[in-house]
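*Asks:* what follows is a predicted protein model with its sequence.
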Amino acid sequence: MKASPLINLSRQRGAALFVAIFLITVVVLAAAIVTLTSVTQHTGQARAGQADQAWYAALARLESEIPGILGSGACPAGGSQPIAGLQTTLSCERVEVREGPNTQAVFNLRAEAVLPGTIPVRRTARAQIISGD
């Protein structure tokens, strides 16, 4: 029996090599895309967790200073204070407000928490306290 003139097996040898190289390249690219997506997703989740931690550290700094402000009627000394591994700073401004015969002290507070690193994470919390005389 004679082979069909349209199919010449001696000319088909190199085609399998090209198909194999193409398939290996496609599989490697797909694996690289999946790995890159996974790393990006995990990094984003870690940064979101650090941002939450910084937010709560700033809130904790505010809450720790409020009783002293209400007790003394004055702004606390600022400065840096570590809370849960983050550096927090507090700024306070006191403003006197008169409403008729009453005078009230309004304290504007701003706490910032910073998680140092290659790309630092910063979160700020603000509060306003009104203390009547």
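*Replies:* On my side now, so go ahead. Residues are numbered from 1 along each chain as shown.

*Asks:* what's the nearest residue to Ala105 if we skip its chain neighbours?
*Replies:* Ser131 (4.7 Å; C-beta to C-beta, 6 or more residues apart in numbering). C-beta coordinates here come from the backbone N, C-alpha and C atoms, glycine included.

*Asks:* so that neighbour sits right up against Asn102, yeah?
*Replies:* No. Contact criterion C-beta atoms under 8 Å: Ser131 and Asn102 do not qualify, at 11.5 Å.

*Asks:* these two: which is more packed in?
*Replies:* Legend: neighbour count by other C-beta atoms under 10 Å for Ser131 and Asn102, higher for Ser131 (14 against 9).

*Asks:* which of the three states applies to Ser91?
*Replies:* At Ser91, secondary structure determined by DSSP: H, G, I helix; E, B strand; the rest coil is strand.

*Asks:* can I assume it is in contact with Ala125?
*Replies:* No. Ser91 lies out of contact with Ala125 (C-beta under 8 Å); the separation is 11.6 Å.

*Asks:* what do the two both touch?
*Replies:* Common contact partners of Ser91 and Ala125 (C-beta atoms under 8 Å, 6 or more residues apart in numbering): Arg110.

*Asks:* re earlier: helix or strand: which one has the residue nearest to Ala105?
*Replies:* Applying DSSP states H and E as the criterion places Ser131 in strand 121-132.

*Asks:* and that strand, average pLDDT?
*Replies:* What strand 121-132 shows for mean pLDDT is 90.

*Asks:* quickly run through the sheet partners of it, with directions.
*Replies:* Strand 121-132 pairs in its sheet with strand 102-115 (antiparallel), by DSSP bridges.

*Asks:* now do the strand holding Ser131: everything it contacts.
*Replies:* With C-beta under 8 Å, 6+ apart as the criterion, strand 121-132 contacts 47, 50-51, 53-55, 57-59, 61-62, 66, 69-70, 73, 102-115.

*Asks:* still on that earlier bit, Ser91 and Ala125 - which one has more neighbours?
*Replies:* More crowded of Ser91 and Ala125, by other C-beta under 10 Å: Ala125, with 21 against 12.
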